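Novice: sequence first, predicted coordinates after that:
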Amino acid sequence: MHDLIVIGAGPGGYEAALHAARLGKSVLLAEKQYLGGTCLNVGCIPTKSLLHAAHLFELAQQAGEAGVVIQGKPSFDMAVAARRKNQVVGQLTRGVGSLLQSAKVEVVMGAARLVAPGKVEVAGKTYETRNVLIATGSRPARPPIPGLDSPSVRDSTGILELESIPPRLAIIGAGVIGLEFASLFASVGSKVHVVEMLDRVAPGADLEVAAALQKMLKKRGVEFSLAAKVKRIAGGTLHYERGGQELSLEADCILSATGRAPVVQGLGLEDLKVDFSPKGIRSDERSRTNVPGVWACGDVTGRCLLAHAAVREGQVAVNNMFGQPDRMSYRAMPCVIYTHPEVAWAGLTEEEARERGIEFTAERKPLRVAGRYLIECDKEPGFCKVIMGARHREVLGVHIIGARCSEMIWGAAALIEAELRAPDIAKIIFPHPTVSEAIKDTLLAH
């Protein structure tokens, strides 16, 4: 009898397993494909490896302006970048395995299924447990587009297998995934065209920041067709409708980046009457499902499809199942788009604050007010935008576009979660010279 069986070894699953093991619990972790899940193997980590390589390529092209002499014209070798990506993924995957082994978590490879209350079948063998945590993650969504199975079409997993740069890349979807790949391939020489159904890019981000990102990517050669509906794909031709017109786009490769769908099939959820839909397993702020002893975390809930959200949800589940009351907070969830430049935010957007009827003030300052940013990123006109309560001057939201903002947004999330006000922040010392000073300058400008 195990204290906990975790189904799925992505960030939410394996971190929850480790957390429970540290509490002295008997834990079994079932995974049908690979340790680390989507994020480590075909998501967050490999894409960031390639984006880093593309950024280095851009910096090499600009090096002469800083006095660094490079003989000859820099070139980009996609095959070498792909090998480096695979090395990074392999090293991190082995690291996850070592952590689980050290914590004495029993790992079983194979598809898992709930067969009865407290019983989980993995690879033909049945295990008993007091608790089950479902952390099966998500998969690339498949919209009903005729021709989506064409050889020229790849999803976010398949495009990572490319070892050459497509001269022309069409991307369906201007969400996080679509924008990151648009930035990546535009940086290394592809002619990129993004087709998006909405009339904006980066849904979820502050509208002003999203518009700035679109403008910056367009300046770097990315074309956008917004408010456009893809009708069909024929070979290497993408047919879409925009403004009542039928248009077509020729491409060497087409990326389907229309979001992700929770993996809820084949788990036996129906047999145990777990409340779920194609949008995910329904769980509360304590990571409980409607069935006692069955918990859920991460993308499979459909609530917040972010690796760091999954990790925290898994921790919350473990704490609650073993008698340590805990609950999940989403009010300051940090979000990042790893384009070049990066976009990062936490808390409310200006549009969300307005929809909720909150009285607020919005202040915006260029990141160039920070000397460090001017030195290192003078070609990127990034900015920081802060939303604050009009009455108490508490931080409601922080939105940044510019290099390295992903490394700073956790601090903004902490300010929001702690409900700090402008006078409180004025007492916090920010190191100089750093880009983070621009955040403080914007906060105190209210």
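Specialist: Here it is on my side, so go on.

Novice: where along the stretch 251-400 of the chain do the strands fall?
Specialist: Per DSSP state E, counting those that start in this stretch, the stretch 251-400 of the chain carries strands over the ranges 253-256, 260-262, 276-277, 280-281, 294-296, 335-337, 343-347, 360-366, 383-389, 395-401.

Novice: could you redo those strands as CSV and give each row distance to Cys377, mean neighbour count and mean pLDDT?
Specialist: Any C-beta I mention is one placed from the backbone N, CA and C, and that applies to glycine too. Formatted as CSV, the strands of the stretch 251-400 of the chain follow (distance: least, CB to CB, whole Å; neighbours: other CB atoms under 10 Å; pLDDT from 0 to 100):
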stretch, distance to Cys377, mean neighbour count, mean pLDDT
strand 253-256, 28, 26, 98
strand 260-262, 31, 21, 97
strand 276-277, 44, 16, 98
strand 280-281, 38, 23, 98
strand 294-296, 40, 27, 98
strand 335-337, 16, 22, 98
strand 343-347, 14, 26, 98
strand 360-366, 11, 16, 96
strand 383-389, 12, 24, 97
strand 395-401, 11, 28, 98
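
Novice: what's the closest of those strands to Ala210?
Specialist: strand 343-347 (7.8 Å; CB to CB).

Novice: if we can go back for a sec, how about the strands of the stretch 251-400 of the chain, which one is nearest Leu51?
Specialist: Of all the strands of the stretch 251-400 of the chain, strand 335-337 comes closest under CB to CB, at 10.7 Å.

Novice: what comes into contact with that closest one?
Specialist: 176, 179-180, 202, 204-205, 213, 306, 342-346, 405-406, 409 (CB atoms under 8 Å, 6 or more residues apart in numbering).

Novice: and for stretch 235-247?
Specialist: For stretch 235-247, the external contacting residues (CB under 8 Å, 6+ apart) are 150, 152, 170, 172, 195, 225, 227-233, 248-252, 254.

Novice: rewinding a little: buried only: go through the contacts of strand 335-337 for me.
Specialist: Of all the contacts of strand 335-337 considered here, the ones buried according to neighbour count by 16 or more other CB atoms under 10 Å are 176, 179-180, 202, 205, 213, 306, 342-346, 405-406, 409.

Novice: out of the residues you listed, flag the one nearest to Leu56.
Specialist: For these, the nearest to Leu56 is Glu342 (15.2 Å; CB to CB).

Novice: let me see the contact set for the closest one.
Specialist: 336, 400-406.

Novice: turn these into JSON lines, columns for distance to Glu352.
Specialist: Putting the contacts of Glu342 into JSON lines (distance: CB to CB, whole Å) gives the following:
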{"residue": "Val336", "distance to Glu352": "18"}
{"residue": "Ile400", "distance to Glu352": "17"}
{"residue": "Ile401", "distance to Glu352": "18"}
{"residue": "Gly402", "distance to Glu352": "22"}
{"residue": "Ala403", "distance to Glu352": "26"}
{"residue": "Arg404", "distance to Glu352": "25"}
{"residue": "Cys405", "distance to Glu352": "19"}
{"residue": "Ser406", "distance to Glu352": "21"}
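
Novice: tell me which of the residues you listed is nearest to Lys279?
Specialist: Among those, and counting by CB to CB, the member closest to Lys279 is Val336, at 23.5 Å.

Novice: distance-wise, check that closest one relative to Gln71.
Specialist: 36 Å (CB to CB, to the nearest Å).

Novice: where do the helices sit along the chain?
Specialist: Applying DSSP state H to the chain gives helices spanning 11-22, 37-42, 44-62, 78-102, 176-187, 207-219, 307-321, 350-355, 371-376, 409-417, 422-425, 437-443.

Novice: let me see the domain layout of the chain.
Specialist: 4-140+261-321, 153-258, 335-443 (automatic domain parsing).

Novice: so which of the ones you listed gets nearest Ser329?
Specialist: Checking the domains of the chain against Ser329 by CB to CB gives domain 335-443 as the closest, at 6.8 Å.

Novice: wait, what's in contact with Ala212?
Specialist: 383, 401.

Novice: from Glu223, how far out is it?
Specialist: 17 Å.

Novice: pLDDT score for Ala66?
Specialist: pLDDT, Ala66: 88.

Novice: who's in contact with the nearest residue to Gly397 once chain neighbours are set aside?
Specialist: Leaving aside its chain neighbours, Gly397 sits nearest to Gly347 (3.4 Å; criterion: CB to CB, 6 or more residues apart in numbering). The contact partners of Gly347, taken as CB under 8 Å, 6+ apart, are 331-332, 387, 395-398, 412-413, 416.

Novice: now do Ser406
Specialist: By CB under 8 Å, 6+ apart, the residues touching Ser406 are 336, 338, 342, 344.

Novice: so in terms of bridging, what pairs with the first one?
Specialist: Same thing as Val336. Ala344 (DSSP bridges).

Novice: can you report how many residues lie near the residue lying closest to Ser329 once chain neighbours are set aside?
Specialist: Distance criterion CB to CB, 6+ apart; nearest residue to Ser329, sequence neighbours excluded, is Glu417 at 6.8 Å. Neighbour count for Glu417, taken as other CB atoms under 10 Å: 15.

Novice: contact partners for Glu417?
Specialist: Neighbouring residues of Glu417 by CB under 8 Å, 6+ apart: 329, 331-332.

Novice: same deal with Ala261?
Specialist: 138-142, 278.

Novice: which of those are buried, as a PyMOL select command?
Specialist: Paste this into PyMOL to select the buried members of these, with burial taken from 16+ other CB under 10 Å:
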select buried, resi 138+139+140
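
Novice: widest-spaced pair of the contacts of Gly347?
Specialist: Longest span within those, CB to CB: Ile387 and Ala413, 13.5 Å.
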